[in-house]
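1. 3D model of this:
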Amino acid sequence: EVQLVESGGGLVQAGGSLRLSCAASGFTFDDYAILWFRQAPGKEREGVSCISTTDGSTFYKNSVKGRFTISRDNAKNSVYLQMNSLKPEDTAVYYCNTVYYTGNSYWGQGTQVTVSS
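-> Just a heads-up that it's a prediction; the model follows:
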């Protein structure tokens, strides 16, 4: 069974940092890109960052470029999102996601990030 479990969220002041983790199981982790999404209250879920498989190519939403860094540790079946210089507008529930070869999209339960001004 494909599972994704996020952790690392919390309450932080503006300008602070958090490191989110996404632990994966139930599939060949090395073969799949992993994405981070977020959803703020009253807003649609939006893509934040993505990391590919073998070459580790990354993508970032414009508003987080230069502040967030995505990385993966294939030995630990984990992906991380280092978030620096956090802003109140980064407040959201953060989810990791992968799309399996079957076409099914899998989500974790999410982790809350709250940035106070």
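
2. What's the separation between the residue nearest to the spatial centre of the chain and S117?
-> In the chain, the centroid-proximal residue (C-alpha atoms, centre = their mean) is W36; its distance is 3.0 Å. Counting by C-beta to C-beta, to the nearest Å, the gap between W36 and S117 amounts to 23 Å. Yep, even glycine has a C-beta here, placed from its N, CA and C like the rest.

3. One more: R67?
-> R67 is 16 Å from S117, by C-beta to C-beta.

4. Between the two, point out the one with more neighbours.
-> Each of R67 and S117 has its neighbours counted (other C-beta atoms under 10 Å); R67 has more, 15 against 9.

5. That one is in contact with M83, isn't it?
-> Yes: counting by C-beta atoms under 8 Å, M83 is a contact partner of R67 at 6.7 Å.

6. Give the residues shared as contacts by the two.
-> Overlap of the contact sets of R67 and M83 (by C-beta atoms under 8 Å, 6 or more residues apart in numbering) is empty.

7. Neighbouring strands of the helix or strand Y95 falls within in the sheet, and parallel or not?
-> If you go by DSSP states H and E, Y95 is part of strand 92-99. Note on strand 92-99: by DSSP bridges, its sheet partners are strand 34-39 (antiparallel), strand 105-107 (antiparallel), strand 111-116 (antiparallel).
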